[in-house]
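Student: give me a model of this one.
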Amino acid sequence: MIELDIRLPEQFLNEEIRYGYTITRQMKEVWAVELDLLNKLLEVCKKHNISVFASGGTMLGAVRHKGFIPWDDDIDMMMFREDYEKLCLVAPLEFRYPYFFQTEYSDPGSLRGHAQLRNTKTTGILKSEFNEKYKFNQGIFLDIFPLDNVDGNAVLRKKQAKRINYWKRRAYFWAKLTTRYHEENELTLKTIVKKALVKVSCNTIKKKCLEERAYQRFEKECQKYNKEKTSLVSTLSLDACEEQFYKYRSDYSELIEIPFEFMTIPIGKNYDPNLSDPVKNTYKRKDEYISEYFRVWWKQFLKHPQTYVNATFNGTYGYYAYKDQIKNPCGYYGQPENFWKYQKKYQVQLVYPLILQASS
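Tutor: Numbers count the residues shown, from 1 in each chain. Predicted structure coming up:
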């Protein structure tokens, strides 16, 4: 286990069972790093009078479990855009190694749409990015989402979402030719053409700052209605189309501190678990609910058979694909043994070793 600034309770890293779910020591070590990041974030926010509060499953876990949801493995925080901008300004002075405050501006190519506070001594690669060779910091992290105003007019919201998604796609397009580009080992016509295109256009794209300009337009669209008085806010930079993420600004005008593991965490006083995370809030793990689940499953299958067939194929094609391209990631982060093979195969030089390896 790597050294952390936060002091862990003596038995915290021990494997345990919560609500019938086994939490391994490996997961406890990930939790410990994330709690250390949370402690640092809260410390900086308190120092600069920045309001920050728990979001999504983290908020739900704080209320229902007084800590992590046993089968959850990340921390989500959010703040109003004005506080977010203030945090971005003080971050370079406040977050020193091993802490790294990551945005598209501090680490080009990350393209999250929000900030992540990372521990540079660790590695936490998303499953969706596990086979990529991205050069930006990929330490274990917590998310910090900005909340932007949502207009009351449904037509205007739809237009805004369309523009947000357009500029986000443009930023990704340019990034794939510059900051997110990596050479493929498999030589196909597509990879050869892409390599030639990158070689010809990369310098021009960087010189004209096309990725950065597209990302700035994306952020501008997210903030389109921030000067207006609206009752609703949302994490538009994460998903501009999902109304389930809409929140009432007034619910977070007053914050309270509640227990979270061996710490406390701020949440909105008018907390509503269904608005926080409707999926995790209604998720049931007990066997007695299995029959209920399958009744709903069968009813929806009869209603949408093609969707179920497609989903089954997409989820299992790795078993009968021609080539073994499927890794076996576990949880939110990839398997350690796969990562070391990946590092050796692609000769990736990282200064932050996997947390499980850091103790040996």
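Student: mind naming the longest strand for the protein?
Tutor: strand 140-150 (DSSP state E).
Student: now it, how far from the chain's geometric center?
Tutor: Chain-centre distance of strand 140-150: 9 Å, with C-alpha atoms, centre = their mean, to the nearest Å.
Student: now it: mean pLDDT?
Tutor: Averaged across strand 140-150, pLDDT comes to 96.
Student: swap in stretch 52-60?
Tutor: 93.
Student: now that stretch - C-alpha only, CSV.
Tutor: Output of stretch 52-60 as CSV, limited to C-alpha atoms (Å, rounded to 0.1, in the frame of the first residue of the first chain):
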residue,chain,number,x,y,z
VAL,A,52,-18.6,21.1,-3.1
PHE,A,53,-20.9,18.3,-2.4
ALA,A,54,-21.4,14.6,-3.1
SER,A,55,-23.0,13.4,-6.3
GLY,A,56,-24.7,10.3,-7.7
GLY,A,57,-23.8,7.0,-6.1
THR,A,58,-21.4,8.7,-3.6
MET,A,59,-24.3,10.8,-2.2
LEU,A,60,-26.5,7.7,-2.1
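Student: what sits up against it?
Tutor: 41-42, 45, 62, 68-69, 72, 74-79, 83, 87, 143-145, 235, 252, 255, 260, 265-268, 271, 273, 276-277, 280-281 (C-beta atoms under 8 Å, 6 or more residues apart in numbering). All C-beta atoms are positioned from the backbone trio N, CA, C, and that covers glycine.
Student: put the buried members of these into a ChimeraX selection.
Tutor: In ChimeraX syntax, the buried subset of the contacts of stretch 52-60 is picked out as below (16 or more other C-beta atoms under 10 Å):
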select :41,42,45,62,68,69,72,74,75,76,77,78,79,83,87,143,144,145,235,252,260,265,266,267,268,271,276,277,280,281
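Student: in strands, which of the contacts of stretch 52-60 fall?
Tutor: Reading strands off the contacts of stretch 52-60 with DSSP E, I get 76-79, 143-145, 255, 260, 265-268.
Student: can you give me the distance of Ala54 to Ala32?
Tutor: 18 Å (C-beta to C-beta, to the nearest Å).
Student: oh, I was asking about Phe95
Tutor: 18 Å.
Student: and the helix or strand just after the longest strand of the chain, average pLDDT?
Tutor: Counting by DSSP states H and E, the next helix or strand C-terminal to strand 140-150 is helix 154-176. Helix 154-176 carries an average pLDDT of 92.
Student: residues touching helix 154-176, excluding its own?
Tutor: With C-beta under 8 Å, 6+ apart, helix 154-176 has contacts from 104, 108-109, 111, 113, 150-151, 180-181, 205, 210-211, 214-215, 217-218, 221-222, 224-225, 236-237, 240-241.
Student: among those residues, name the buried ones.
Tutor: Judged by 16+ other C-beta under 10 Å, buried ones among these: 104, 108-109, 111, 113, 150, 180-181, 205, 210-211, 214-215, 217-218, 221-222, 224-225, 236-237, 240.
Student: for this protein, just list every one of the strands.
Tutor: 16-18, 21-23, 53-54, 76-80, 99-102, 115-119, 140-150, 232-234, 247-248, 255-260, 263-268.
Student: need the ones you listed in TSV with distance to Phe173, can you?
Tutor: Shown next, in TSV, are the strands of the chain (distance: least, C-beta to C-beta, whole Å):
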stretch	distance to Phe173
strand 16-18	43
strand 21-23	40
strand 53-54	34
strand 76-80	27
strand 99-102	21
strand 115-119	22
strand 140-150	23
strand 232-234	25
strand 247-248	31
strand 255-260	39
strand 263-268	37
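Student: and the spatially most central residue of the chain, what does it touch?
Tutor: When C-alpha atoms, centre = their mean is applied to the chain, the residue found nearest the centroid is Asp143 (5.6 Å). Going by C-beta under 8 Å, 6+ apart, Asp143 touches Ser55, Asp74, Ile75, Asp76, Met77, Arg112, His114, Ala115, Gln116.
Student: 7 Å instead?
Tutor: If a contact means C-beta atoms under 7 Å, 6 or more residues apart in numbering, then Asp143 has Asp74, Asp76, Met77, His114, Gln116 as its contacts.
Student: check Phe141 too.
Tutor: Applying C-beta under 7 Å, 6+ apart, the residues near Phe141 are Gln116, Leu117, Arg118, Gly124.
Student: out of these, which is most surrounded?
Tutor: Most neighbours among the contacts of Phe141, by other C-beta atoms under 10 Å: Arg118, with 27 neighbours.
Student: now do Val296 against Asp74, distance only.
Tutor: For Val296 relative to Asp74 (C-beta to C-beta), the value is 27 Å.
Student: what's the nearest residue to Tyr84 if we skip its chain neighbours?
Tutor: Pro146 (3.8 Å; C-beta to C-beta, 6 or more residues apart in numbering).
Student: tell me the contacts of the one you found?
Tutor: With C-beta under 7 Å, 6+ apart, Pro146 has these contacts: Met79, Arg81, Tyr84, His114, Ser237.
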